[in-house]
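Undergrad: can you look at this prediction? I've put the sequence above it.
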Amino acid sequence: MLFYTTDHLGRPVAEKKNLSRIFRLKEAVQKANPGICTDRSTIWTSYHKTPDNRKKSPHIQMAEALREVLMNKKIHIYPDELIVGNYSSKRVGGSIFPELHGVPVLMDIFKFSKRKINPLQVSRKEILHLLKIIPFWSFRFLALKAYRSPFQLIRLLIHQLKGHFYIINESGGISHIAPDYEKLITMGTEGIVAEATRFQEKSSKDTEKWYFYEAVKIIANALAKFGERYADLAQKMAESESDSNRKQELLEIAQICRNVPRKGASSFQEAVQSLFFAQIAINMESLDNSVCPGRMDQYLYPFYLKDFQQNKITRDKAKELLSAFSIKTSEIIPVFSEYLTGIHGGMFNGQVVTVGGLQPDGTDGTNDLTYIFLEIMDELRMRQPNFHARISNHSPQKYIDQINQMLSGGSNSPALYNDTVIVDTMVQHGYLIEDARDYTGVGCVEPVAQGKSFSSTDAALVNVPLILELALNQGKRFGSRFRSGAKSMPVEKMRSMEDMKTAFKVQLADQL
């Protein structure tokens, strides 16, 4: 059963009194000048500069470094917020990942605030902080550790800086994941710690498995304490708040942040808040690019339905909370150099929220949250989240009509996904049918099973037209004396399109 109100045209709407808060939040984010935050890079570097820390298991290093970030990064609660948490010290900002791609990115450190396209605010003090970390990471970042051969490393760096043939995104970290947020929301970090402890007890100490489960426990406990930092801040703000309504909201936020993510969510608002704390943490741990909430309308629906049936939440309130969450996802940007910004067409963060489509049992999953998200897409029209809508043979006509109306009216969302084709393709490539039906998009367009995939779907970008050029010129670029690819058949000796295809395949294989 669906629960929503409509306007005189039959379109789902929320009450205007709820929209005012959302539009104030939207305006605050859109008016903010994007900037670079030094918190993550400074704290991460400080941890790894300690020699004893560098001797620990990689799992423990990652977990403890993330714990330090969550415990020491600056936190804020902005006016009007109901879903709290900040990715960076800036209202809209991005972090530097020196152990991944951060050192090459910092080649632009004096250009960030002056560039014409996508300038990033960074103060002199922040520049000094960033300059101080470069020497430590200059010979420690990921790409340097990936290649033993100096020749391969030099070739990689040349191609990464020029990008004529390819860009290996994986050299800056993988990310592009859709975590099992349903598990965190349901179990809480206490439940995850208990589960990790059970697995750890079955593992031999000082093995990779044992360290992995120990790392899970460290991160889970840190995430719980991260939430409690916001609880303390909300409590403190409430004590000095003069507006009675806002004071009550802050007190409720404080209580929610003491409950989640430590415990399983007991309400819809707790579920959304728990999810967002984890979203921040994973963006701090991994490369901040395409950490995807995924099928929110599916795994949040039980919390919404329970609260709705018990008269603890209205549809409009749920929409307000999900709108607030959506706006929060626009507060993070990836810090790209001017060159990488051009390659990627801007500073795209790719936090995918997927709605609609099949459930694991093959039935249609469209529910009231699906329609709420469609309304949010159409009304907010912000750069994040990256909204996707799944369509199957079982999708309600009303759902399809609403999407058509949105897109024909100029909305930039959602991107559309054909369940029939995608599910069948995923099964052909080894996914269980239940997992394939439960897919979500990540990144730009890549389907993965929610909570069960780490596919590195954005490993590299390849300049395919340039491969064709090499195929037409025996592995050389036009006008160049030097061979950039493999030697292939001269074009004057080709007698068929098959010869052309063969030469193309030779050049493509060489570049890959």
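TA: Now that the structure is in, tell me what you want to look at.
Undergrad: so what's the residue count around residue 370?
TA: Residues lying near residue 370 (other Cβ atoms under 10 Å) number 25. Glycine gets a C-beta too; all of them are placed from N, C-alpha and C.
Undergrad: state the distance from it to residue 396.
TA: According to Cβ to Cβ, to the nearest Å, residue 370 and residue 396 sit 9 Å apart.
Undergrad: which pLDDT value belongs to the spatially most central residue of the chain?
TA: For the chain, the residue sitting closest to the mean C-alpha position, by Cα atoms, centre = their mean, is residue 291 at 2.1 Å. Here the pLDDT value assigned to residue 291 is 94.
Undergrad: show me the helices in the stretch 301-450 of the chain, by range?
TA: With helices called from DSSP state H, counting those that start in this stretch, the stretch 301-450 of the chain shows them at 301-309, 315-328, 338-343, 368-380, 397-408, 419-428, 433-437.
Undergrad: Throw those into CSV and include distance to residue 254 and mean pLDDT, thanks.
TA: CSV is the format used below for these (distance: least, Cβ to Cβ, whole Å; pLDDT from 0 to 100):
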stretch, distance to residue 254, mean pLDDT
helix 301-309, 20, 98
helix 315-328, 17, 98
helix 338-343, 39, 77
helix 368-380, 26, 97
helix 397-408, 37, 97
helix 419-428, 42, 98
helix 433-437, 38, 98
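Undergrad: out of the ones you listed, nearest to residue 470?
TA: Checking the helices of the stretch 301-450 of the chain against residue 470 by Cβ to Cβ gives helix 338-343 as the closest, at 19.8 Å.
Undergrad: what does that closest one contact?
TA: By Cβ atoms under 8 Å, 6 or more residues apart in numbering, the residues outside helix 338-343 that reach it are 105, 108, 111, 115, 117, 118, 161, 163, 167, 347, 461.
Undergrad: just the buried subset of these, written out for PyMOL, thanks.
TA: Per 16 or more other Cβ atoms under 10 Å, the buried members of the contacts of helix 338-343 correspond to this PyMOL selection:
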select buried, resi 105+108+163+167+347
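Undergrad: just flag the most distant two among the contacts of helix 338-343.
TA: Greatest spacing in the contacts of helix 338-343, by Cβ to Cβ: 111 and 461 (22.4 Å).
Undergrad: so who does the closest residue to residue 509 other than its chain neighbours touch?
TA: Leaving aside its sequence neighbours, residue 509 sits nearest to residue 486 (Cβ to Cβ, 6 or more residues apart in numbering; 7.6 Å). For residue 486, the contact set (Cβ under 8 Å, 6+ apart) comprises 475, 506, 507, 509, 510.
Undergrad: try 7 Å
TA: 475, 506, 507, 510 (Cβ atoms under 7 Å, 6 or more residues apart in numbering).
Undergrad: the residue nearest to the first one when sequence neighbours are not counted: how many residues sit nearby?
TA: Computed as Cβ to Cβ, 6+ apart, the closest residue to residue 475 that is not its neighbour in sequence is residue 485, at 3.7 Å. If you count neighbours by other Cβ under 10 Å, residue 485 ends up with 23.
Undergrad: please tell me the pLDDT value assigned to residue 485.
TA: pLDDT, residue 485: 89.
Undergrad: ok, it to residue 290 distance?
TA: 30 Å.
Undergrad: buried stuff in stretch 72-90?
TA: For stretch 72-90, the neighbour count (16+ other Cβ under 10 Å) marks 73, 75, 77, 81-90 as buried.
Undergrad: what's the offset of the helix or strand containing residue 216 from the middle of its chain?
TA: Using DSSP states H and E, the element containing residue 216 is helix 208-240. Centre-to-centre, helix 208-240 and its host chain are 20 Å apart (Cα atoms, centre = their mean, to the nearest Å).
Undergrad: pull out the buried positions in that helix.
TA: Buried residues in helix 208-240, counting neighbours by 16+ other Cβ under 10 Å, are found at 210-231, 233-235, 237-238.
Undergrad: which residue packs closest to residue 406, ignoring adjacent ones?
TA: Counting by Cβ to Cβ, 6+ apart, residue 406 lies nearest to residue 378, which is 4.8 Å off, once chain neighbours are set aside.
Undergrad: residue 187 now?
TA: In space, residue 187 is closest to residue 264, 5.5 Å off (Cβ to Cβ, 6+ apart).
Undergrad: this protein: strands as residue ranges?
TA: Assigned by DSSP state E, the chain shows strands spanning 5-6, 12-13, 35-37, 93-95, 166-167, 352-356, 386-391, 415-418, 439-442, 446-449, 461-462.
Undergrad: can I get the ones you listed in TSV including mean pLDDT and distance to residue 188?
TA: Formatted as TSV, the strands of the chain follow (pLDDT from 0 to 100; distance: least, Cβ to Cβ, whole Å):
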stretch	mean pLDDT	distance to residue 188
strand 5-6	42	34
strand 12-13	48	32
strand 35-37	97	28
strand 93-95	96	26
strand 166-167	76	39
strand 352-356	98	22
strand 386-391	97	28
strand 415-418	97	31
strand 439-442	96	22
strand 446-449	94	23
strand 461-462	82	39
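Undergrad: give the contact list for residue 494.
TA: residue 500.
Undergrad: mind redoing it with 10 Å?
TA: With contacts defined as Cβ atoms under 10 Å, 6 or more residues apart in numbering, the neighbours of residue 494 are 471, 472, 488, 500, 501, 502, 503.
Undergrad: residue 436 reaches residue 449, doesn't it?
TA: Yes: applying Cβ atoms under 10 Å, one finds residue 436 in contact with residue 449, separated by 6.9 Å.
Undergrad: okay, and the common contacts of these two?
TA: Taking Cβ under 10 Å, 6+ apart as the contact rule, residue 436 and residue 449 both touch 360, 426.
Undergrad: and the closest residue to residue 35 other than its chain neighbours, how many neighbours does it have?
TA: On the basis of Cβ to Cβ, 6+ apart, the spatially nearest residue to residue 35 that is not a chain neighbour turns out to be residue 121, at 3.7 Å. Neighbour count of residue 121, defined by other Cβ under 10 Å: 15.
Undergrad: re earlier: restricted to helices, list the contacts of residue 494.
TA: In helices, judged by DSSP state H, the following of the contacts of residue 494 are found: 471, 472, 500, 501, 502, 503.
Undergrad: what subset of those is buried?
TA: Looks like the ones in helices among the contacts of residue 494 have 471, 472, 500, 503 buried, using 16+ other Cβ under 10 Å.
Undergrad: show me the contact partners of stretch 233-249.
TA: Residues contacting stretch 233-249 (Cβ under 10 Å, 6+ apart): 75-77, 79-82, 84, 250-258.
Undergrad: wait, I meant stretch 416-436
TA: Under the contact criterion Cβ under 10 Å, 6+ apart, stretch 416-436 has outside partners 354, 356-362, 364, 388-395, 400, 403-404, 407, 437-441, 445, 447-453.
Undergrad: and it, which residues are buried?
TA: The neighbour-count check on stretch 416-436 (16+ other Cβ under 10 Å) flags 417, 419, 422, 423, 426, 431, 435, 436 as buried.
Undergrad: for that stretch, measure first residue to last.
TA: End-to-end distance for stretch 416-436, by Cα to Cα, to the nearest Å: 17 Å.
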